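Participant: sequence first, predicted coordinates after that:
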Amino acid sequence: MDRIKESRFTRSSNGIIGGVCQGLGEGLDIDPWAIRLFWILTICLLGSGIVVYLIAWFSLPRRDKLEDYYKKKILGVCLKISEQSTVELPLVRFIALFSLFASFGISILIYLFLYFFMPENKRVTGKAQNY
């Protein structure tokens with residue numbers, strides 16, 4: 001099955017603010033209002049929910065624009081990690097952006113290190129790749 005169609009981590013175009021809760025709820029088969037309630041609690045109790053929501057908004061693709069999302073972005077490290085593992089690309093990009101904010105930039109050094117020392121993907125996925 002094509003990795004684009006099997007991604008569970010997407011945003012919905014029908015969401016309330018950015019479509020993050022709606023898309024995650026549909027992809028993970030959870031009521032979107034349960035995810036919204038959890039997010040509201042993290043905002044009220046921990047304060048970090050706003051930052052995590054914004055990171056999810058920027059890193060998760062909209063379900064109706066998946067074709068462009070699976071192209072090489074800034075050096076293509078996240079795409080390489082996703083192709084060489086079983087982790088979906090939206091989740092890899094979310095973790096990369098989250099670590100960027102959490103580590104105060106150390107993840108930029110790790111990202112550059114991975115770009116220069118991570119081997120190219122040699123396996124064929126069976127789909128046309130244009131990157």
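Facilitator: Received, thanks.
Participant: and the helices in this protein?
Facilitator: Secondary structure of the chain (DSSP state H): helices located at 20-28, 32-45, 49-59, 66-69, 77-83, 89-102, 106-117.
Participant: worst average pLDDT in those?
Facilitator: Across the helices of the chain, helix 66-69 has the smallest mean pLDDT, namely a mean of 73.
Participant: hey, C-alpha coordinates of that helix in CSV?
Facilitator: C-alpha atoms of helix 66-69 as CSV (Å, rounded to 0.1, in the frame of the first residue of the first chain):
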residue,chain,number,x,y,z
LEU,A,66,-0.7,14.8,0.7
GLU,A,67,1.0,14.6,-2.7
ASP,A,68,3.2,17.7,-2.1
TYR,A,69,4.0,16.7,1.4
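Participant: excluding covalently adjacent residues, which one is nearest to Pro90?
Facilitator: Phe9 (3.8 Å; C-beta to C-beta, 6 or more residues apart in numbering). All C-beta atoms are positioned from the backbone trio N, CA, C, and that covers glycine.
Participant: and that neighbour, its phi and psi?
Facilitator: phi -100, psi 80 (degrees, to the nearest 10).
Participant: distance of it from Leu89?
Facilitator: From Phe9 across to Leu89, the span is 8 Å (C-beta to C-beta, to the nearest Å).
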